[in-house]
Structure formats: C-alpha cells, structure tokens
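1. Any chance you could fold what I've pasted below:
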Amino acid sequence: MKSLISLFQETKLKDDILRKMEILLLAVGKVLGDAVEKQTVNLFVNKWLDKFKDAAYDAENLLDAVETTCKFEDQLQK
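-> Numbering: from 1, shown residues only. Modelled structure (predicted):
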C-alpha cells in the first residue's frame, strides 16, 4: 500500500495515471451500459455485472484510502 501511495504522490505520474484511468472508465461505462441492457435476458451477463459491481466498490474503497492517506501525509508535511 505504501508504494501505491507514493506512486500517486508523484505529480507527473499522478496526472498520467488519472488521465489513463479516465479513458478506461469511459470505456468501462460503455461496456456496463450494454451489460445493463442485456442482463434481463442473459443470466451470465447478470452474474458478471454483479461481480463487476463488487469489484468496482472494492476499487472505489482503495482509491478513497489512497486519497485519505495522501491528504493526511500532505497535512503532516505542512
């Protein structure tokens, strides 16, 4: 976790990662939109969508933890 946090604290790298994440999330949004439409007729898609939602919540929790830690460490440095 510590190396992940230091990765986000490097300004240029942080900007590059955030830009790539934005592009990836746009693509994921398109796939999710299609999956939502198909989930009522395809049980496999419904199960995949449930697992994907769980993974998305885990990723959100991880990003929240990184953000909180970075803010805390920024406050300590001031």
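
2. So which residue is dead centre in this structure?
-> Centroid-nearest residue in the chain: residue 59, 4.6 Å away (criterion: Cα atoms, centre = their mean).

3. Tell me who's in contact with residue 45.
-> 35, 38, 39 (Cβ atoms under 8 Å, 6 or more residues apart in numbering). The C-beta positions use only the backbone N, C-alpha and C, and glycine is treated the same way.

4. can you check residue 35 too?
-> Residue 35 makes contact with 45, 48, 49, 52 under the criterion Cβ under 8 Å, 6+ apart.

5. Kindly reformat the contacts of residue 45 as JSON lines containing distance to residue 70 and pLDDT.
-> Formatted as JSON lines, the contacts of residue 45 follow (distance: Cβ to Cβ, whole Å; pLDDT from 0 to 100):
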{"residue": "35", "distance to residue 70": "32", "pLDDT": "86"}
{"residue": "38", "distance to residue 70": "38", "pLDDT": "86"}
{"residue": "39", "distance to residue 70": "36", "pLDDT": "85"}
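
6. returning to what we had before: by neighbour count, sort out the buried ones in the contacts of residue 35.
-> Taking 16 or more other Cβ atoms under 10 Å as the criterion, what is buried in these is 45, 49.

7. all helices of this protein, in order?
-> Per DSSP state H, the chain carries helices over the ranges 2-9, 11-38, 43-77.

8. Any idea how many residues pack against residue 38?
-> If you count neighbours by other Cβ atoms under 10 Å, residue 38 ends up with 14.

9. Tell me how far it lies from residue 52.
-> Distance of residue 38 to residue 52, given as Cβ to Cβ, to the nearest Å: 13 Å.

10. Any regions of the protein where pLDDT drops low?
-> 1-14 (pLDDT under 70).

11. re earlier: nearest to residue 77 among the contacts of residue 35?
-> residue 52 (37.1 Å; Cβ to Cβ).

12. Tell me if I'm right that the closest one and residue 32 touch.
-> Yes. Counting by Cβ atoms under 8 Å, residue 52 touches residue 32, with 7.2 Å between them.

13. and the residue nearest to the centre of the chain, what does it touch?
-> Contacts for residue 59 (Cβ under 8 Å, 6+ apart) come out as none.
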